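>>> Just to be clear, the model below is a prediction. Sequence and coordinates:
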Amino acid sequence: MKRIALVLGALLLAAAVPVHADSIPVFSTGVAAGGGHAANATVDAHYTLTSAADSVFNGPAAFVSFTPGVYPFTSWMLETPNARWIGPRSSLAYPFGTGNYVYATTFDLSGLNPSTAVLHGGWATDNAGLDILLNGLSLGISIPNGSETAVTPFTISSGFLPGINTLQFVVYNDIAGTGLLVDISGTADRLNSPGRPASQVPEPGTLLLVGSGLVGRWLRRRR
């Protein structure tokens with residue numbers, strides 16, 4: 001009986017071990033390569049402009065180029081502690097071409113379990129935010145009328161892949177200036193060992209069933 005008790009104790013101890021979540025290495029807009037806010041008129045270190053309606057300023061560089069509250073962007077919200085506005089040009093000159101602008105960033109889930117990944121954030125757009133895509137698939141997240149005075153929150157909890165993932169933000173420009181602000185972060189569980197995600201650690205209920213089976217076998221042998 002002592003041996004059974006020791007086995008049960010070990011199983012319950014394993015069930016009590018917490019699953020560790022790590023931060024996903026995803027960046028907000030307007031963040032310098034070394035962290036913190038990037039300076040005006042600099043190229044964003046983590047976002048590229050993969051498609052643009054402007055025939056001249058059509059990427060791939062996306063610029064930290066605007067100062068909210070200064071003409072002609074007096075209606076734009078102020079930057080957040082983690083993010084700044086980005087756009088197609090390195091100056092405040094406008095108008096920009098009418099049409100879609102697609103901004104892309106990548107992040108690496110190597111060593112993390114993609115099935116447990118979650119991204120939380122908010123985005124602001126001028127004009128409409130048409131869509132957010134993860135690995136080329138639409139998430140159906142949009143800001144039909146645009147939102148330049150405050151961030152609109154979003155959550156992404158599926159569609160992740162092992163290794164490199166690509167996140168895209170599609171913004172439509174109607175007239176004058178256009179820009180994007182994304183404030184984002186996320187977490188995912190670590191992989192315990194190669195090929196075994198943390199989510200595969202047996203749950204307490206499963207461990208108790210296994211333990212009960214061991215006790216039953218011991219009692220039958222005793223009889």
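Good, I have the coordinates.

>>> what comes up buried for the one helix or strand residue 125 maps to?
Using DSSP states H and E, residue 125 falls within strand 118-126. Residues of strand 118-126 classed as buried by neighbour count (16 or more other Cβ atoms under 10 Å): 119, 121, 122, 123, 124, 125, 126. Every residue, glycine included, has its C-beta placed from N, CA and C.

>>> With stretch 137-146 instead?
139, 141, 142, 143, 146.

>>> on that earlier part again, widest-spaced pair of the buried residues of strand 118-126?
Using Cβ to Cβ, these span at most 22.4 Å, a distance reached by 119 and 126.

>>> any weak-confidence spans in this protein?
For the chain, residues meeting the criterion pLDDT under 70 lie at 1-19, 67-72, 92-93, 193-223.

>>> Show me where it has its helices.
2-16, 204-222 (DSSP state H).

>>> which residues make contact with stretch 168-178 from outside it?
Residues outside stretch 168-178 that contact it (Cβ atoms under 8 Å, 6 or more residues apart in numbering) are 50, 53, 66, 72-73, 87-88, 92, 94-104, 123, 125-134, 136, 179-180, 182.

>>> can you pull the contacts of the residue most central in space within the chain?
Nearest residue to the geometric centre of the chain (Cα atoms, centre = their mean): residue 119, 3.7 Å. Contact analysis of residue 119 by Cβ under 8 Å, 6+ apart lists 24, 26, 155, 156, 157, 167, 184, 185, 186.

>>> Ok, residue 144 next?
residue 128.

>>> now swap in residue 162 and tell me
Counting by Cβ under 8 Å, 6+ apart, residue 162 touches 109, 110, 114.

>>> Among those, name the buried ones.
Buried residues within the contacts of residue 162, counting neighbours by 16+ other Cβ under 10 Å: 109, 114.

>>> What are the boundaries of the strands in this structure?
Ranges of strands within the chain are 21-23, 42-52, 61-64, 99-108, 118-126, 128-134, 137-138, 147-156, 164-173, 179-189, 191-193, 196-197, based on DSSP state E.

>>> Can you report how many residues lie near the nearest residue to residue 168 once chain neighbours are set aside?
Nearest residue to residue 168, sequence neighbours excluded (Cβ to Cβ, 6 or more residues apart in numbering): residue 133, at 4.2 Å. Around residue 133 there are 19 other residues, counting by other Cβ atoms under 10 Å.

>>> Great, nothing more from me.
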